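Student: Just to be clear, the model below is a prediction. Sequence and coordinates:
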Amino acid sequence: MFFGTFDESTHPRVQVLREGLAARGATIDVCNVPLNVDTALRVRIAQRPWEAPRMLLRILRSWWALWRMARTLPAPDVVVVGYLGHFDVHLARRLFDAPIVLDFLVALGDTARDRRIGPRSPVSWLLDTIDRAALRTADVIVVDTEAQRARLPDEARGRSIVVAVGAPELWFRDPAPDPVDGPLRVVFFGLFTPLQGTPVIGRAIARLADDPRIAWTIIGTGQDYQRTRALASPNPHVTWLDWLPGPELARMVAEHHVCLGIFGTSDKAWRVVPNKLFQGAAAGCAVVSSDTPSHRELLGDDAVLVAAGDDAALAAALLHLAEDRDVLTDMRRRAGALARREFSPAAVVAPLEQAIEAAGGR
């Protein structure tokens, strides 16, 4: 059973795990009432304690609905608490007599510090406490990179496994034809968090303002959106779009030749591999992102990696792809092959299937 207040429409991680386990023969039930409170809002509420009662009321309403839904479903052999399940895992422990798996893709305290909240602030302490309580409650803890696993508390690390983010099946599609006479089409999509380093993208766009060989599509909004757009403003070859639903986003990305990853320089940016890299590769794009240990471990030579925070290096890498179409074709082919081999739902959940069997689930 997949359980919790996650929202698959905005965070596809649960969809990947669900599709992967189903492809490996599991019978899947879903007990889900979306809370519609993202990570940024949770951090803001921790900064404004007077708003906590309203958040608590929303959680209790969702939990009441989850409890009622759970009563209508068969007793599960194992419960997977989905994305942002820091509170949901406690309810799952009380409702089900089954092993509990927590998908700990995001640590709230880590996210707060990435968003420039001091590590010694009361907010960081509170969010770290919430993280630790969630980890203690789970039988199996899922993270997405070895670097993230290394940061878990010692007592939690022994119950943890690494499951790459992967891409939902709908992202695996025929790629757009290589450009012949038209421009190189470059896409970025995201929530403009500091981790993503979107101002670096904005400066790279400005560096190429006079070059019509590259057309840009930027999708989404968020914390650094206005700054990024201002930095990119000298370039007339940019299309700015609001966030798109999952199927539309997948179709849009597949119409491009290059998908951009992240370029932030924070500690967290060096440890994570964002979903856009998996999705862009699955869609048949060449992937361009920052050269970090986690990216290098996962992507190797099948992506174009540039120095984190270096807009000049990013601009130069994209110019090279625009000028040398043979290299572009090769990088697209290699990224797509890597995605089909290692990023499909059935491929990424192999460690999770083994952990579920070891924990007594079926």
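Tutor: Arrived safely, thanks for sending. What you see is a predicted model; the values in this text were computed from it and never measured.

Student: hey, where'd the strands end up in this protein?
Tutor: Counting by DSSP state E, the chain has strands at residues 2-4, 30-32, 79-81, 100-103, 140-143, 160-162, 184-189, 214-219, 238-241, 258-260, 286-290, 304-306.

Student: For the stretch 151-300 of the chain, just list every one of the helices.
Tutor: Ranges of helices within the stretch 151-300 of the chain are 154-157, 198-207, 225-232, 246-254, 275-282, 293-299, based on DSSP state H, counting those that start in this stretch.

Student: can you put these in a markdown table and add mean neighbour count, distance to Val16 and mean pLDDT?
Tutor: All C-beta spots, glycine's among them, are computed from the backbone N, C-alpha and C. Formatted as a markdown table, the helices of the stretch 151-300 of the chain follow (neighbours: other Cβ atoms under 10 Å; distance: least, Cβ to Cβ, whole Å; pLDDT from 0 to 100):
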| stretch | mean neighbour count | distance to Val16 | mean pLDDT |
| --- | --- | --- | --- |
| helix 154-157 | 12 | 22 | 95 |
| helix 198-207 | 24 | 24 | 99 |
| helix 225-232 | 17 | 26 | 98 |
| helix 246-254 | 18 | 12 | 95 |
| helix 275-282 | 28 | 8 | 97 |
| helix 293-299 | 18 | 15 | 94 |
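
Student: Which one of those helices lies nearest to Ala308?
Tutor: Comparing the helices of the stretch 151-300 of the chain against Ala308 with Cβ to Cβ, the closest turns out to be helix 198-207 (8.1 Å).

Student: Domains in the chain, by residue range?
Tutor: Using automatic domain parsing, the domain parsing of the chain gives 2-166+344-359, 169-343.

Student: Residues in contact with stretch 215-227: which ones?
Tutor: Residues from elsewhere that reach stretch 215-227, judged by Cβ atoms under 8 Å, 6 or more residues apart in numbering: 40, 115, 182-194, 196, 198-199, 201-202, 205, 228-229, 232, 235, 237-244, 249, 252, 256.

Student: Buried only: go through those for me.
Tutor: Among those, the ones that count as buried by 16 or more other Cβ atoms under 10 Å are 115, 184-194, 196, 198-199, 201-202, 205, 228-229, 232, 235, 237-238, 249, 252, 256.

Student: got a list of what the residue nearest to Val30 when sequence neighbours are not counted touches?
Tutor: Nearest in space to Val30, with sequence neighbours left out and distances taken as Cβ to Cβ, 6 or more residues apart in numbering, is Phe2 at 4.9 Å. Neighbour list for Phe2: 14, 17-18, 28-32, 80, 82 [criterion: Cβ under 8 Å, 6+ apart].

Student: Same list, those residues, but as a markdown table with distance to Val287, pLDDT and neighbour count please.
Tutor: Below are the contacts of Phe2 laid out as a markdown table (distance: Cβ to Cβ, whole Å; pLDDT from 0 to 100; neighbours: other Cβ atoms under 10 Å):
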| residue | distance to Val287 | pLDDT | neighbour count |
| --- | --- | --- | --- |
| Val14 | 23 | 96 | 24 |
| Leu17 | 22 | 98 | 25 |
| Arg18 | 25 | 98 | 20 |
| Ile28 | 30 | 98 | 13 |
| Asp29 | 35 | 98 | 16 |
| Val30 | 31 | 98 | 16 |
| Cys31 | 35 | 98 | 24 |
| Asn32 | 31 | 98 | 21 |
| Val80 | 28 | 98 | 27 |
| Gly82 | 26 | 95 | 27 |
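
Student: hmm, back to that, between the domains of the chain, which has the poorest mean confidence score?
Tutor: The minimum mean pLDDT among the domains of the chain belongs to domain 2-166+344-359 (a mean of 90).

Student: distance of the nearest residue to His237 once chain neighbours are set aside from Val304?
Tutor: Nearest residue to His237, sequence neighbours excluded (Cβ to Cβ, 6+ apart): Ala215, at 5.2 Å. Between Ala215 and Val304 the computed distance is 18 Å (Cβ to Cβ, to the nearest Å).

Student: Of those two, give the one with the bigger neighbour count.
Tutor: Taking other Cβ atoms under 10 Å, Ala215 and Val304 do not tie; Val304 has more neighbours (22 against 19).

Student: if we look at the sheet, which residues does that one bridge to?
Tutor: Note on Val304: beta-bridge partners by DSSP bridges are Val288.

Student: Longest helix in the chain, please.
Tutor: Assignment by DSSP state H gives helix 52-70 as the longest helix of the chain.
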